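A predicted structure for the sequence below; I have some questions about it.
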Amino acid sequence: MHAIVIAGGKGTRLGALTANTPKALMRFGDRPLLEINLLQLRQAGATRVTLCVSHLGHAIEREITNGEQFGLRVDYCRDPGLLGTAGPLRLVPDWSVPALVVNCDILTSLDFARLYRTHRESDRTLTIATKRREIAVPFGVLDVADQGTVRAIREKPTLSFDVSAGIYVVNPEVHSSIPADEPADMPSLIRALLERGSSVGTYPFTERWHDIGTPDSYQAARNEYLADPHAFLAPEPVGITGEGT
C-alpha cells in the first residue's frame, strides 16, 4: 500500500505550540505524532509513504529521514508554497495505484487496512472516511414555509452530520481535477470530481478520532494516547524500535 501524508500546513490555530515546530512533530510522550502515524500505516500494510512537506519541512525530513527505522520507504514531495490539503497531490511522484491520503494532524484508531481494502473493492475515484457528529442547537428551530408561515417548531434539537475525518483513499487520476501551481483543498477537489461525474463514496467509522487543530484538542488527544497507547498502536515486533532519529 502507498500512503501519502499531507504535512505542509503551518498549524496557526495551535499558536505557540507550532511557532518553531511543525504540527506533525508535536510530542505525544516519547513520540511525535507523525511517528505514530507512520507506525500505524506500516501496521496496516503500507510499504511506501510519501510525506508532502512545506512549512518547516526540513525539520520533518531530519526527524524521519528515509523511514528505514519504521520499516518503511519514505520519500518526500516538497511544496514550493502552501498548496492546501489537495494541491500537493499533483506533485507526488510515481503515483500509479490508489493511495491512502492522511492529514498529519489526525490521531485515530481507524483500521486503515480495512478502509483501503473497501475502496479497492469499489469503483470509486475517492473514498472519504467519515465520523458522525452531533450539534445541540440551544434555540427553538422553526420550519417556515412560503410567506412566513410556520409549519412546525423543534425546541433545542440535536442535529447530526457526517463530517470528513481528513482521511481518504484516492485514485491517481484525480491529478487532472487539481489546478496546477495554485492552492487547492480537499473539498474543492471533491466538488470538481462530483461535477465531472466521478464516483465519490464514504466510509463511516466509529473508532477513536481526534482532529488536532487547537491547543485544547491537542491536549485531549495527547491525554487519550498516553492513557492507552495500545488503543492506537499494536506492540512493535522485534527489530523495529519505532524510535525517531
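Cool, the structure landed.

same for the top helix by length along the chain, what does it pack against?
For the chain, the longest helix by residue count, based on DSSP state H, is helix 215-227. With contacts defined as 3 or more CB pairs under 8 Å, 6 or more residues apart in numbering; DSSP states H and E, helix 215-227 has these neighbours: strand 27-28, strand 106-108, strand 209-211. All C-beta atoms are positioned from the backbone trio N, CA, C, and that covers glycine.

for Asp143, give its distance to Ile153.
Using CB to CB, to the nearest Å, we find Asp143 at a distance of 7 Å from Ile153.

so the residue of the chain most remote from its centre, which state does it fall into?
Distance from the C-alpha centroid of the chain peaks at Gln147, with 44.2 Å (CA atoms, centre = their mean). Using DSSP: H, G, I helix; E, B strand; the rest coil, the secondary structure recorded for Gln147 is helix.

just the pLDDT for it.
Gln147 carries a pLDDT score of 85 in this model.

one more: Val102?
So Val102 comes in at 98 (pLDDT).

what lies in contact with the helix or strand where it lies?
Val102 belongs to strand 99-103 when assigned by DSSP states H and E. For strand 99-103, the external contacting residues (CB atoms under 8 Å, 6 or more residues apart in numbering) are 1-6, 37, 41, 44, 46, 50, 85, 89, 92, 112, 115-116, 166-170, 172.

out of those, list just those in strands.
Judged by DSSP state E, the contacts of strand 99-103 include 2-6, 50, 166-170 as members of strands.

thinking again about what came up before, which stretch among the helices and strands packed on helix 215-227 is buried most, on average?
strand 106-108 (a mean of 22; mean count of other CB atoms under 10 Å).

just to revisit the earlier point, now do the longest helix of the chain, average pLDDT.
For helix 215-227, mean pLDDT is 96.

could you list the low-confidence segments of the chain?
Under the criterion pLDDT under 70, the flagged ranges of the chain are 237-245.

please, where are all the helices along it?
So, for the chain - with DSSP H - the helices run 33-43, 57-64, 112-120, 186-195, 215-227.

let's have these in CSV, adding mean neighbour count.
Below are the helices of the chain laid out as CSV (neighbours: other CB atoms under 10 Å):
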stretch, mean neighbour count
helix 33-43, 23
helix 57-64, 17
helix 112-120, 18
helix 186-195, 16
helix 215-227, 15
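
what's the closest of the ones you listed to Asp105?
Proximity to Asp105 (CB to CB) singles out helix 33-43 among the helices of the chain, at 7.3 Å.

what helices and strands are in contact with the closest one?
strand 2-7, strand 48-53, helix 57-64, strand 99-103, strand 106-108.
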